[in-house]
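**Q** missing the sequence, but the structure's below:
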Ligand code: SF4
């Protein structure tokens with residue numbers, strides 16, 4: 001049932017890349033909801049499906065993946081996860097590769113709703129490539145134009161000051177701001193300003209920590225907090241390190257091999273993790289261990305196995321069972337449902 005004030009509801013969202021040797025499962029039955037003005041962190045390791053989840057919410061999964069595969073072919077950047085050209089799926093192969101339901105303000109999301117949603121992709125190449133982000137010739141328009149409502153001008157000025165981008169404003173006003181001349185972090189910061197200037201109700205930011213320094217992440221959080229108060233912005237941020245966002249996020253969803261395994265308040269998920277994978281993830285993060293110590297919690301830093309999850313042959317039952325220290329036969333045969341642990345906290349585990 002739709003909650004009052006719910007801006008986004010994701011129901012059983014799945015997406016896979018249909019290779020000839022079998023699909024690569026990117027996200028698998030993801031469900032969650034977000035209230036207006038709320039902040040949610042999607043936390044998971046590399047290749048856990050964070051980017052796939054965001055582009056699937058936007059209904060752009062097939063398109064982005066087709067572009068990525070074409071780029072990889074063209075640039076001959078074939079990694080072990082990208083098969084040789086003969087395996088590249090044809091257009092028909094993509095039919096049905098994404099499924100599930102996404103509701104925006106209670107309605108099934110369509111292209112028209114995307115006007116209320118801004119997306120900052122993970123890599124700059126996508127920034128250039130897709131029409132739902134800015135084009136090369138538009139670079140700097142949001143920095144130089146004053147043709148915006150006053151609250152957005154105020155938000156932009158705040159962002160420029162926080163990010164220290166005054167020089168770029170000056171270059172943009174002279175028409176000398178070119179994407180090719182920008183460093184990755186500068187591009188990312190300008191892209192974030194552009195996303196805010198679209199006056200979104202919902203902002204999706206994919207892996208902002210990848211190209212920003214620690215001090216710049218602090219600036220970003222200050223900016224997002226300001227935007228939240230000013231325009232009641234809802235935010236979804238993905239990251240592999242929860243420690244950057246502990247004071248900003250209301251809720252956290254832990255993503256493992258394309259599935260959400262635990263979701264709850266930031267405080268509870270970090271300091272009282274329930275799912276075995278969440279416990280491992282927190283105990284392997286030195287910054288989280290420092291936070292534990294400051295609270296007088298005794299816990300040792302543990303390494304997390306650097307294992308390759310083969311997305312073409314995910315284990316049956318609970319996807320974490322090969323790594324789980326308390327796995328039982330039930331875990332190997334049956335996929336766990338979500339159980340509620342009070343206060344809108346949900347965990348997918350047979351033995352929690
Ligand atoms: S369901 Fe079983 S294997 Fe999965 S996390 Fe829980 S105990 Fe471990």
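**A** Good, I have the coordinates. Keep in mind that what you see is a predicted model, and the values were worked out from it rather than measured.
**Q** show me what contacts the nearest residue to residue 116 once chain neighbours are set aside?
**A** Leaving aside its sequence neighbours, residue 116 sits nearest to residue 201 (Cβ to Cβ, 6 or more residues apart in numbering; 4.4 Å). The way it works is simple: take the backbone N, C-alpha and C, and place the C-beta from them, glycine included. Residues counted as contacts of residue 201 (Cβ atoms under 8 Å, 6 or more residues apart in numbering) are 7, 36, 116, 117, 231, 232, 233, 234.
**Q** and the pLDDT at residue 201?
**A** For residue 201, the pLDDT comes out at 94.
**Q** any idea which element the closest residue to residue 293 other than its chain neighbours lies in?
**A** Using Cβ to Cβ, 6+ apart and skipping residues adjacent in sequence, the residue nearest residue 293 is residue 299, 8.0 Å away. Residue 299 belongs to no helix or strand when assigned by DSSP states H and E.
**Q** what's the answer for residue 51, then?
**A** Residue 51 belongs to helix 50-57 when assigned by DSSP H and E.
**Q** which positions in this protein make contact with the ligand?
**A** By Cβ under 6 Å from any ligand atom, the residues of the chain that approach the ligand are 275-276, 318, 320-321, 324, 326-327, 331, 336, 349-351.
**Q** 8 Å instead, please
**A** Residues of the chain lying close to the ligand (Cβ under 8 Å from any ligand atom) are 261, 275-277, 317-321, 324-328, 330-332, 336, 348-352.
**Q** check the stretch 1-150 of the chain for the residue nearest the ligand and tell me.
**A** Distances between the stretch 1-150 of the chain and the ligand by Cβ to the nearest ligand atom are smallest at residue 28, namely 14.1 Å.
**Q** ok, back up a step: report the two of the contacts of residue 201 separated the most.
**A** The most widely separated members of the contacts of residue 201, counting by Cβ to Cβ, are 117 and 232 (14.3 Å).
**Q** more neighbours, the two?
**A** The residue with more neighbours, out of residue 117 and residue 232, is residue 117; 22 against 12, by other Cβ atoms under 10 Å.
**Q** give me the neighbour count for the closest residue to the more buried one other than its chain neighbours.
**A** Using Cβ to Cβ, 6+ apart and skipping residues adjacent in sequence, the residue nearest residue 117 is residue 202, 4.7 Å away. Look at residue 202: counted by other Cβ under 10 Å, it has 22 neighbours.
**Q** need the contact list for residue 202.
**A** Residues near residue 202 by Cβ under 8 Å, 6+ apart: 7, 8, 34, 104, 116, 117, 118, 233, 234, 235, 236.
**Q** can you redo these as TSV with distance to residue 221?
**A** Converted to TSV, the contacts of residue 202 look like this (distance: Cβ to Cβ, whole Å):
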residue	distance to residue 221
7	20
8	21
34	18
104	25
116	22
117	20
118	17
233	13
234	15
235	10
236	14
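**Q** so where's the chain shaky on pLDDT?
**A** Scanning the chain with the threshold set as pLDDT under 70 gives 1-2, 71-88, 124-139, 304-308.
**Q** which parts of it are strands?
**A** 6-17, 24-35, 39-43, 98-104, 107-108, 117-120, 202-205, 234-239, 251-256, 259-265, 338-340, 346-348 (DSSP state E).
**Q** pull the number of nearby residues for residue 174.
**A** For residue 174, the neighbour count with other Cβ under 10 Å is 10.
**Q** give me the contact list for the longest helix belonging to the chain.
**A** For the chain, the longest helix by residue count, based on DSSP state H, is helix 214-231. Helix 214-231 has contacts (Cβ under 8 Å, 6+ apart) with 37, 39, 151, 154-155, 158-159, 162-163, 185, 189, 192, 196, 199, 201, 203, 208-209, 212, 233, 235, 244-245, 247-248.
**Q** angle of that helix against strand 234-239?
**A** Inter-element angle recorded for helix 214-231 and strand 234-239: 160 degrees (by axes from the mean of the first three to the mean of the last three Cα atoms, to 10 degrees).
**Q** next, the angle strand 39-43 makes with helix 214-231.
**A** Orientation of helix 214-231 against strand 39-43 (the same axes, to 10 degrees) gives an angle of 140 degrees.
**Q** list the contacts of residue 59.
**A** Residue 59 touches 98, 102, 109, 110, 111, counting by Cβ under 8 Å, 6+ apart.
**Q** mind listing the residues bridging to the residue nearest to the spatial centre of the chain?
**A** Note on the chain: the residue nearest the mean C-alpha position is residue 238, at 3.1 Å, using Cα atoms, centre = their mean. Judged by DSSP bridges, the bridge partners of residue 238 are residue 42.
**Q** hmm, it is touching residue 209, no?
**A** No. If you go by Cβ atoms under 8 Å, residue 238 and residue 209 don't touch, sitting 9.3 Å apart.
**Q** what is the burial count for the spatially closest residue to the residue of the stretch 1-150 of the chain closest to the ligand that is not a sequence neighbour?
**A** In space, and not counting its chain neighbours, residue 28 is closest to residue 258: 4.2 Å by Cβ to Cβ, 6+ apart. Neighbourhood size, residue 258 [other Cβ under 10 Å]: 27.
**Q** OK, contacts around residue 258?
**A** Counting by Cβ under 8 Å, 6+ apart, residue 258 touches 25, 26, 27, 28, 30, 48, 49, 52, 311, 314, 319.
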